[in-house]
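Got a sequence here, can you model it:
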Amino acid sequence: MKLEKFKEKNNKKIGILIFTICCILLIAGVYLYSSFAIYEQNQNFNVINGTVEDPGDLYFAFYVDDVISKTMPSKESIYVLDTEKSSCTNGAIPSLDEDTWSIVVENLTTTHTKCTLYFTQSITKQIIAQLDTTGACPSVNEDGTVQVTSAESENGYLCSAPDDYGTSYYYRGNVTNNYVSFAGYYWRILRINGDGSIRMIYDGTSAHVNGEESTDRQISENTYNFSYSDNAYIGYMVGTTGASTYEETHSNLRDSTSKNVLDNWYRSNITNQSLSSYIADTLFCNDRSFAISNTGTGYGTSVTRYRGYETGYDRHPSLYCTQQNDRFTVSSNGIGNGALTYPIGLITIDEAYLAGGYNLTNQQYYLYTGNAFWTMTPFSFDGSYANIRYVYSNGGTDGTSGISNSYGLRPVINLKANSLRSGDGTMENPFSI
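Now for the predicted structure:
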C-alpha cells in the first residue's frame, strides 16, 4: 500500500483570495466614482473642432472662489471663468461664451473628458456695478452723443455711453479708484469698452494724486507730425500729400511722428517685456469725418473743418468712430482698419470731455497733469497748417494747435477683458494683472 502525504483542501486560501479581489474591485470602484463624483454630466455645450460621436460623455466640475459647487454662477453674477486655472483632460480646452453664458470646449476629440472650471470674481464687473444711478452723469442723446455741459472737478463717478462695440463705462471727474499698475508704470482707467476691454492712459512711473503737476505723467514732448502743409498731416497715419481725392489723402501710408514715438515705446515696454498677450486690439479713433460747418474737400490745401472743430462747442462728445478708415486697429476685424503695427494710440478729445474736462480750467479731474498733451482728434486744415486738438496745461479741453508744436504724449492702451486680477483701484492698492 502506497502512502501519500495528506493535503488539506485550501478553502480558506480561496476565500481570502476572493475577499482580496472584491476589496480591490471595491476600492477601484470608489476611486472611479470619486473621480467623477464632483463632475456633472452636461450635454448642453458647444464643441469646436471636435470629433466625438457621443458628446454627452463630458463632465464638468465647478469651483467658485476655489470652493466646489454643483452649478456654475449665473450670468447676472460678478463671476467670470478663470481660463488660466481651468482645464480639461484629453487635451480639450474650455472657455466661456459670455453672451450665451455657456461653456465652449475646443479640441474635444475623445469621450469621457472631464473639465475643471474655476470661476473668480470679475474686477471689471465690480467696476461696472459702480455705475452712477443718482442722475449725476451727463445724459445720453438719441444719437449716442453725450450732453456734457460743464466740467467735473469735485465729484468722481462712473457713467455710461454707447461705443462701436456696445456699452462703454467711463470714469468722470475727481476719481480716486481707477489706478492700474502694469508694465512697471501707473495708468488711469478711462473706460471699460463695449467689448469688455479696459482702456487706460499712461500716468507715470509712480502714482500721482489728482491735481498734481508732473512731467512724469507723460513719456515725452513731441510734435504731432513731421510736417503740416497738407490735409494729410492731420492723420495718426499720413496718406498722399498733394492728392486730388479725400481717399488718397487719408490712405494711412506713413506713420506720424506721434505714432512713431508710441510704437517705439510699446516695443520696448510691452513687446520686449513679453506683455503683449495682455493687450486687446480695440480701436483708436482718429476721426477725420467732416464738421457740420465744413465746406472744404479734405485734400490738398483745401481749408477743411473736421469733426473735432465742433466737439465741445456745437457738437457733443461721442464714443462712436463713424468711419472705418479712422478706426485704427492691428487686425482687419470688420470694425477696424488693420493699419497699426502695435495696439497703442492717444486719447480723443471726446474722451477728455467725458473724463471731466471742459472749455475752462479744471485741475482736479484725473486727467490733469499741469502739462499740455496731445489728443488724436483732428481739428482743421486752415489753408497752411494742419491742426489737432490737445488738452491745455490747466486741464481745459478747448486746446487747438498746429502740429509742429511740441506737447506731451500719454500712451493709451487697452487691456484684455477680465485681465485685472487684484487690487481695489486706489493709489495704495492699484488694480493689477
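
Below-threshold pLDDT in the protein: ranges please.
For the chain, the stretches with pLDDT under 70 are 1-56.

Okay, domains of it per the record?
40-121, 130-432 (automatic domain parsing).

In a markdown table, list those domains along with mean neighbour count.
For the C-beta atoms, the positions are set from N, CA and C on the backbone; glycine is no exception. Listed next are the domains of the chain as a markdown table, based on neighbours: other Cβ atoms under 10 Å:
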| stretch | mean neighbour count |
| --- | --- |
| domain 40-121 | 15 |
| domain 130-432 | 20 |
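
got the contact list for residue 303?
By Cβ atoms under 8 Å, 6 or more residues apart in numbering, the contact list for residue 303 reads 295-296, 380-383.

Just the closest of those to residue 390, please.
The closest of the contacts of residue 303 to residue 390 turns out to be residue 380 (Cβ to Cβ; 13.4 Å).

I'd guessed that closest one sits against residue 309; true?
Yes. Applying Cβ atoms under 8 Å, one finds residue 380 in contact with residue 309, separated by 5.3 Å.

Return the distance of the closest residue to residue 174 other than its chain neighbours relative to residue 210.
The spatially closest residue to residue 174, leaving aside those adjacent along the chain, is residue 156, at 4.5 Å (Cβ to Cβ, 6 or more residues apart in numbering). For residue 156, the distance to residue 210 (Cβ to Cβ, to the nearest Å) stands at 8 Å.

Return every residue with contacts to both of the two.
With Cβ under 8 Å, 6+ apart, residue 156 and residue 210 have common neighbours 174-176, 366.

Now these in CSV, please, with extra columns for secondary structure and distance to residue 419.
As requested, these are exported to CSV (DSSP: H, G, I helix; E, B strand; the rest coil; distance: Cβ to Cβ, whole Å):
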residue, secondary structure, distance to residue 419
174, coil, 26
175, coil, 20
176, coil, 22
366, coil, 21
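
Quickly check those for the two that are furthest apart.
Checking the shared contacts of residue 156 and residue 210 with Cβ to Cβ, the most distant pair is 176 and 366, at 7.9 Å.

mind listing what the residue nearest to residue 174 touches?
Neighbour list for residue 156: 171-177, 366 [criterion: Cβ under 8 Å, 6+ apart].

Now the phi/psi pair for it, please.
phi -130, psi 130 (degrees, to the nearest 10).

likewise residue 260?
Main-chain dihedrals, residue 260, degrees, to the nearest 10: phi -60, psi -50.

can you offset everything so residue one is 55?
Understood, numbering begins at 55; the last thing we discussed is residue 314.

gap between it and residue 475?
33 Å.

show me where the stretch 355-487 of the chain has helices.
403-408 (DSSP state H, counting those that start in this stretch).

I misspoke; the intended subject was the stretch 105-254 of the chain.
177-182.

shared neighbours, residue 230 and residue 420?
Contacts common to residue 230 and residue 420, judged by Cβ under 8 Å, 6+ apart, are 210, 264.

Can you tell me which of the contacts of residue 357 comes closest to residue 120?
After measuring those against residue 120 - Cβ to Cβ - the closest member comes out as residue 434, at 56.6 Å.

partners of that closest one in the sheet?
Note on residue 434: beta-bridge partners residue 359, residue 441, judged by DSSP bridges.

Over to residue 243?
On the basis of DSSP bridges, residue 243 is bridged to residue 254.

I figured it was touching residue 253, is that so?
Yes. Applying Cβ under 8 Å as the test, residue 243 and residue 253 come out as touching, 7.1 Å apart.

Could I get the contacting residues of the closest residue to residue 382 other than its chain neighbours?
Counting by Cβ to Cβ, 6+ apart, residue 382 lies nearest to residue 338, which is 4.4 Å off, once chain neighbours are set aside. The contact partners of residue 338, by Cβ under 8 Å, 6+ apart, come to 290, 381-383, 394, 398-400, 430, 466.

Let's see that with 7 Å instead.
Listed by Cβ atoms under 7 Å, 6 or more residues apart in numbering, the contact set of residue 338 reads 382, 399, 430, 466.

again with residue 249
219-220, 336, 471.

do residue 386 as well
By Cβ under 7 Å, 6+ apart, the residues touching residue 386 are residue 392.

In TSV, list the shared contacts of residue 210 and residue 264 along with distance to residue 115.
Shown next, in TSV, are the shared contacts of residue 210 and residue 264 (distance: Cβ to Cβ, whole Å):
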residue	distance to residue 115
228	45
229	40
230	40
420	42
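
which residues are contacting stretch 273-289?
256, 292-296, 303-304, 306, 310-312, 315, 319, 340, 342, 352-356, 358, 360, 428, 432, 435, 438-440, 442, 456-463, 465.

Please disregard the earlier target; I meant stretch 452-466.
Contacts for stretch 452-466 (Cβ under 7 Å, 6+ apart): 253, 255-256, 271-279, 282, 287, 312, 315-316, 319, 338, 366, 398-401, 413, 425-428, 433, 439-446.

My read is that residue 162 contacts residue 148, right?
No. Using Cβ atoms under 7 Å, residue 162 is not in contact with residue 148; the gap is 9.6 Å.

Now do the strands in the stretch 105-254 of the chain.
Using DSSP state E, counting those that start in this stretch, the strands of the stretch 105-254 of the chain run over 112-118, 121-123, 133-135, 141-142, 147-151, 156-160, 167-175, 210-216, 221-227, 233-236, 239-246, 252-258.
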